[in-house]
Each structure stands twice: as structure tokens, then as C-alpha cells.
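1. the sequence isn't on hand, but the structure is:
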Ligand SMILES: [Zn+2]
């Protein structure tokens, strides 16, 4: 009986847990709304604003406090966590420029819908470290907790000093770019969302390495800017009216996005194009307006590709800002329905920076904007996924061998680029993909989050086949769009589809993820030796004592005993195929588990081996050295070597002769 | 009209002369070929070990080099030291051969004897000239750097990168012009030194400018450069269309090298013939 009671209790608990999980996708909880009126003072570089925020408690328990990102405070002084971690480029550190570069953001006054003043309920907390100087997370204690399913409406007046040339945001000259610029709510994670076991806020401080995490909301933002300024913004322009002789008011609106960003300058020129129902707006300075065509072509190709392979882009606009050179500190970033790129006027067509950047940042609209993963806790799930898709689309758009660079003698494709970025980095084994962005050793963050992930996704695609991989992506996107998945959610999608569709991997892919997501090992298989020895046909009394067979020297009856030695030089274990070519033209394929450190393949054949190749169809992009993947007994001097020596010989000759200019 | 005809004749004579100096050209070419070959020996050996028994990829891709770099780093060790030694050795050879070429031209010789004698006789004189040449070039580059940094260089302080481009265009044009004059002065002075019996180096160095203006050497010099550039461009175009064969590309590169060496001889010969018409 007691057993039964326990059993029933366990069952009840399970049902409740499942109910909790179901509640996460409950569409009855209204989305958060931000209504902001902000005035930009270009003389003092200040923002003054009022925001009306409506938030509904999605939990089954009351919520007694709220957390906000106050990320402009990362640039408040050199004691912030952002600056003490200090792994950002040197040129972005405050220099001896005349102006005070530092910035801040503060809530000046806050009250709820009953006009109860909550200003004294504000404090700064440091959930990630003990740095009491850091003021990038604000806590608002509510005198009356918000009951489950009930909403709170907060009205707050806030002001911010705009940073001057700081990473990703701020102003320089007359160019302004506003990212992480307003008090933005953290994410209230219900049990079942990502790693949450009970409802609570997820709100990180601003770190030097890494990006952001926030929840879906509807935004209406009205900006008051000088009347010669043009505004580029997330969302759609719904109204532009003059406020007075000197000021215009621009109102933008967008639903169901995780952030809101805008930029303004009196020098912006705007060019537009469209893809299906989406308006594409491009903003830049007049001197580089000619680049627009490269952006539009690349972006429309990318939008079509993702539309086909993942699902439609549901927003009515996408805006691209290509900053002037003095605004390059804001280039190459992704924000909902607004992306920033970077180009230079003298950039040749063969250097693909504009195409790469615009595609990369647009793909983020899918991975981290619609599928809103945690960029700080699991950077590979947005950056790695994006790099993988960027490679696929660029390869299709510009050709595999030159999709990154196609200039003079330099041709680099995306896969080659990812391999060299990851493999040539000395810290490539310094941590698994599971590290939070700020836990990486500085220069390892990129190679591991971006390039390694792209490589193992490309390898996964080649192992299970592109059609199944496409199915996985579509399923992952459809299931998780407008939600917050974590790595296990992705792994589950892969496993479910691989188990039901792949004959080769009936157990799923956990063995793979254990190595590539949770592990740090590298992969390198090599053929270290091939031998072929002649075996004479059998002679002597073989069948009976009456029949003594003489030793035949007939070459047509000769057999060859050939051995191939394959070594696993690193710890990663991947199944591999070996292609063996014999002298008579016979081709054999052998499949190996790849687990043993050394494998000897033995063949008894009428013809000797000419050559063998590991992974002949290039499935494994993780293999660190492709040169040792083959072995041949046939040619002593190969063409590659000749080409390289010829090439270097003439280059050195010509370089030497340039010295004669001095004589 | 008469002057033009004369100039044309001098240039065509000079190129014909240079082409027929096959012994001289062979020495210059072989020295260049051999030194490059020796410099690359360690790398060639290491490469042959790495690639021994390996199947060749279809094309030499970025991946091939990045794998070579990531996995066979030792291949590149010691290369930079070797290259510096090689550059110094070749520089000394260039000084010697330059003196040799000048003497061959002055003596109107067709044998190599005067090349070796000239090389030995004027080596130290030409070494000194090279030192001054380096000094002058250093000054030109210093001034260029100064000019480039004269305006704003902080990217956050400028309106657009066009400033850099415009500045770079102006400064590189100025450097190219200055270099052209200095190189012409240098070539002319080499011949004057080899002809002159005086040891008044500085007097010769200054009087060279008078000769350059009087004899209108600049036009001869520029025509020679244009001829060499046109031939090389044609060969580069040929190289582009035979892009598939490593051997053919190598052969064309060697022809380009021979053109460069021929130009060197032809240029000195034409300057000599304008300075000292027979
Ligand atoms: Zn990214």
C-alpha cells in the first residue's frame, strides 16, 4: 500500500512537472510590452525617457521582485565587471580623448499602476560575481508580489549618458547607435525552460566576452531627435511627426522580439528593397552607398534559403546599418529586425566581408532572435549554428572554394576558414562547448563557439546526410521558435529524428555530442604504413599424398598479402571509411569504428595495393590533418610537392631580384 | 624628330645588345636560380618527407597550407634566419654583378672577362653607392611615413576612410616619382664612376644630375621601364591562361626573370649610349 501511495505521488509529481513544462508554451500569458518615449539630446549626449512596461507573471507562484539589465552601466567606470574582465580589443578602451567616454543609466522615478512610488525599492545586484562596483543588473523589490497569471504595469522615468566609442554601442561625431540602451527586463524562466527547476529570473551582468539573453516582447518606441537626423530602427516606422521647429518624433513598432535597437545620424541615406512581404532598408553614409547592391543581393539570397530550409521570416522589416568608419565599433552585430554590418569603400568584390557579415547577422534572426537561446550561457547555440548556416549559404551563393576570399592568389572557402580558425588556435582544447561565454580563455571563445561548432555540425550533416539534417533543422526551428531552448532540447531533436530515420545510428548521436559538445578532444586519423608482399601459390602435398603440386611461378596465380596501418593520433573517436585501390583497378571500401588507437587492415588479393585513403568522401571536417589521410606506394614524387617547390622557387627568385632596385 | 629617331635607335640597340649578351645573362640568371634553390633546400627536404607516400590533392588549397602550418610547424622553423642570410648574400652579388655589367658595357665587351674584372674593380665603390642609395631611400620612406601621418590617422577621428585612400594615392605617386629619379641617378652614376678615373665620388654624384637633364635620360629610362613592363604583363597574361600546369607556370616565371635581367642590361646600355654617343 505504502508502495502504491509512493507510486501515485510520483505519478502526480510527474503530471505536475509535465503541466509545468506545458505551461511554458502557454499562449494565454500575454507578452510583455514596452512603450517608450525617448529624447536624444545631441548637445549633451544624453537620453531621457519614460517607459511603460507591462509584464505578466507566468508562474504558479507569486513573484516578489523583478530584475533588469542596465547595461550602459558596464561603461560607468573601470571597476565594472565588463572592464575588469577586459578581454575586448584595445582600441575600444577609453583613450586620452578629450571627452569623458564613460556612460551610465539610471531609473530616476518608478511607480506601478496604483501610482505607488517604487523608487526606494531599487538596488543593484551581482548574480555572477562579487563585484559590488558592477551595476549592470538592477533589482526591483515589489511591496506587493504579483499573483500568478496577473500583470503589473510599471512606469519609469530614466536617463542615460550615451557612451563615446564603447564596444557595440554609443556615439562618435554625429553617428549614434543604441544597443543595450534601456532598462530591459531579465527572462523569467519557468520550471522546464532550459535548466530551471523552479521559476525565477535569469539575468546576467554584462561581461566582456559574450552577448545577451532576453524575453519576447512587443515594443513601441518613440524617439525625439533633431529634425535633420534620420532614424534606423528595429521594427516598422509607424509615424513621423514634427514636434517643434527643431525636433522630429519617430515612432517604431515591432511585436514578438527579444530586444530593440536603433541608430541615428544626419548623414544616413536610406535605400530599400524587398523580399516577399519584408521590406529591406539599408542605411549608410553617402560615400559608401554603392555597396547597397552587394548587401541586397546577398541578403535576399540568404532570406530565400532560410525561408526554404527553416521557415519564413515573419517580420515586416529588416534594416541594415553600415556605419561610417568612425562608427565601426558598432559594426557586425545582430539585433531583432536590425543588423549592423561593416564595409569599406575600397573593398574589392573578392573580399566577401559585406556578404559574410550581412548573411551572418541575418541568420541570427533565426538563431537567438526567433529561437531565443541564451547567448551568454550557451554561445555555441547561436554563434555556432549561425556560422554553420553562414557556411552553407555562402558556399551555395559564391562557390565552396572561394566563399570567403576570392582575391588575387587567395581563395578561401568557409569550411577551410572554420578549420584553420579552430585548428590553428593553440587554445582549441581549453574548454568544451558547454562553457559560458565569460568562462572561456579570451581567444578561445570564438574558435570554440563559432568555428568548432560549425565544423561538428557540418560533420554531423555529412554523417547522417543532408536530407535528414534539413529535417532536424526544420523540426528544431518549428518546435523552438519564439521559445528558449537549451542544448538538451537541440540534442533531443537530433536524437529523435536520427533514431527514427537513420539505419547507421540507431542509438542516436549521444556518443557524438559527448565528444563534440561536452568534450575537448581533437580528431586525427592517419595512414602510417602500407605493405604489400608476394605470396606464392600453395605447393606440396595439399589435397592428398598422391598429388604433389610443384611450386608455380606463374604470375597470374600469385597472391599479395597487403597491410594497411591506420592510427588514431587524437582522442576523438569517429567512424571512418577507408578506400583501398589495387593495382588491377579494384576498389574496396572498409568501414571502421575508429575506436582502436591502431588498426591493421589485411588483404589477400591477386593484385597489390596502390593506395589507400581515409574518409575519401570528406565526411569528417574535424580531422585536424588531411595530409596524412592518404598513403600511396605508386608514385615517388607527387605533383603537389612539385607545384609547391616550383611555386616557391619562382617566388623567391623574383623577391631576390627586387633587391636590384637598391643597386 | 631627329632626336626621337636617335632615342629610338639607342633603345633598340641597347635591347639588341642585351639580348645578345647571352653569357652575361646566363651568369646573372644562374646566380639568381641557384641561390633561390639553395635557400629553399631545407623546406624542400622537409616537404618531401611530409608528403612522402601521400596522395596529392587535386589543387593546392588553403586547407593544404593550413594543415601544413598547423601540423608541421617545424617546416617553417629557421626559415626566416636563412632568408635574411640569403638576402644579404644576394645583395652583395648584385653589387658585384652590377659593377661587372657596367664594365662590360663600357668596354663594349662580348666576353665575360670584363664582367669579372669590373666586378672586382668597382665592388667597393658600388658598395658605397648602395649605402648612399639605401640612405636616400630611407629618407624618402621616412618622408612618406611622415606625410601619411601628417593628417589624422585615428579611425575614430575621421569622417570617412576616403581620406586614407586619397592620402595613400598622393603619397605613393610621390614616392614612385622620387624613386624613379633616384634610380635613374643611381644607374647613371654607376656608369660615370666606372668611366671616370677620378676618386671624387661626390663631385661625380652631383654632376650626374647635370647629365640627366642635358642628355634627357629620363625619357630613355621611362621607355625602357615601359618596354619591360609590357613584356612582363604579356607573360603574366599567358601565365594566367595556362593556369593548369605547374611546370608551364614555372617556365613562364623564369622567362619573366630573364626579361627582368635583360632589362637591367639594356637600361644601362642605353643610358651609356646616350651619355657617351660613339
Ligand atoms: Zn554572430
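-> Yes, it's here. On a predicted model such as this, the values are computed, not experimentally measured, just so you know.

2. what's around the closest residue to residue A:468 other than its chain neighbours, how many residues?
-> The spatial neighbour of residue A:468 that comes closest, neighbours along the chain excluded (CB to CB, 6 or more residues apart in numbering or on different chains), is residue A:501 at 5.3 Å. To be clear about C-beta, it is placed using only N, CA and C from the backbone, and glycine gets the same treatment. Other residues within reach of residue A:501 by the criterion other CB atoms under 10 Å in any protein chain shown amount to 14.

3. what distance do you get for residue A:501 to residue A:472?
-> For residue A:501, the distance to residue A:472 (CB to CB, to the nearest Å) stands at 9 Å.

4. need the contact list for residue 274.
-> Reading this off chain A. residue A:280 (CB atoms under 8 Å, 6 or more residues apart in numbering or on different chains).

5. my bad, the chain I had in mind was chain B
-> Residue B:274 sits next to B:7, B:10, B:215, B:216, B:217, B:220 when contact means CB under 8 Å, 6+ apart.

6. gap between the lowest-mean-pLDDT helix or strand in chain B and the chain center?
-> Sorted by mean pLDDT, DSSP states H and E, the helices and strands of chain B end with helix B:201-214, the least confident at a mean of 77. Taking CA atoms, centre = their mean, to the nearest Å, the mean C-alpha location of helix B:201-214 is offset from the chain mean by 23 Å.

7. same question, stretch A:406-424
-> On the basis of CA atoms, centre = their mean, the separation between the geometric centre of stretch A:406-424 and that of its chain is 18 Å.

8. so what touches that stretch?
-> Applying CB under 8 Å, 6+ apart, the set of residues contacting stretch A:406-424 from outside is A:348, A:350-352, A:387, A:390-391, A:394-395, A:398-405, A:428, A:446-448, A:450-452, A:454-455, A:458, A:522, A:621, A:624, B:61-63, B:66-67, B:69-70.

9. smallest gap between the stretch 101-250 of chain A and the ion, at which residue?
-> Distances between the stretch 101-250 of chain A and the ion by CB to the ion are smallest at residue A:211, namely 8.1 Å.

10. wait, the stretch 151-278 of chain B
-> When CB to the ion is the measure, the stretch 151-278 of chain B has its nearest residue to the ion at residue B:155, with 22.4 Å between them.

11. residue A:109 should be in a strand, yeah?
-> Yes: using DSSP: H, G, I helix; E, B strand; the rest coil, the assignment for residue A:109 is a strand.

12. doesn't residue A:159 make contact with it?
-> No: with contact defined as CB atoms under 8 Å, residue A:109 and residue A:159 do not form a contacting pair (10.2 Å).

13. who has more neighbours out of the two?
-> In this view residue A:109 and residue A:159 are compared by other CB under 10 Å, and residue A:159 has more residues nearby, 16 against 12.

14. sec struct for the more buried one, please.
-> Recorded secondary structure, residue A:159: strand (three-state DSSP).

15. from chain B, how far out is it?
-> Taking CB to the nearest CB, to the nearest Å as the measure, residue A:159 and chain B are separated by 25 Å.

16. what's the closest non-adjacent residue to that residue?
-> Nearest non-adjacent residue to residue A:159, counting by CB to CB, 6+ apart: residue A:48, 4.7 Å away.

17. same deal with residue A:627?
-> If the residues on either side of it in the chain are set aside, residue A:627 comes closest to residue B:67, at 5.2 Å by CB to CB, 6+ apart.

18. contact partners for that neighbour?
-> Neighbour list for residue B:67: A:423, A:624, A:625, A:626, A:627 [criterion: CB under 8 Å, 6+ apart].

19. report the buried residues of the strand or helix carrying it.
-> Assignment of secondary structure by DSSP states H and E places residue B:67 within helix B:62-71. Buried residues in helix B:62-71, counted by 16 or more other CB atoms under 10 Å in any protein chain shown: B:62, B:63, B:64, B:66, B:67, B:68, B:70, B:71.

20. what packs against the following helix or strand past that helix?
-> Downstream of helix B:62-71, the next assigned helix or strand under DSSP H and E is helix B:79-106. When contacts are defined as 3 or more CB pairs under 8 Å, 6 or more residues apart in numbering or on different chains; DSSP states H and E, helix B:79-106 packs onto helix A:639-657, helix B:22-39, helix B:41-51, helix B:113-148, helix B:162-195, helix B:246-275.

21. the ones you listed: which one's closest to residue A:150?
-> Ranking the helices and strands packed on helix B:79-106 by proximity to residue A:150 (CB to CB) places helix B:162-195 first, at 57.7 Å.

22. what average pLDDT does that closest one get?
-> The average pLDDT for helix B:162-195 rounds to 91.

23. centre of the chain to it, how far?
-> 13 Å.
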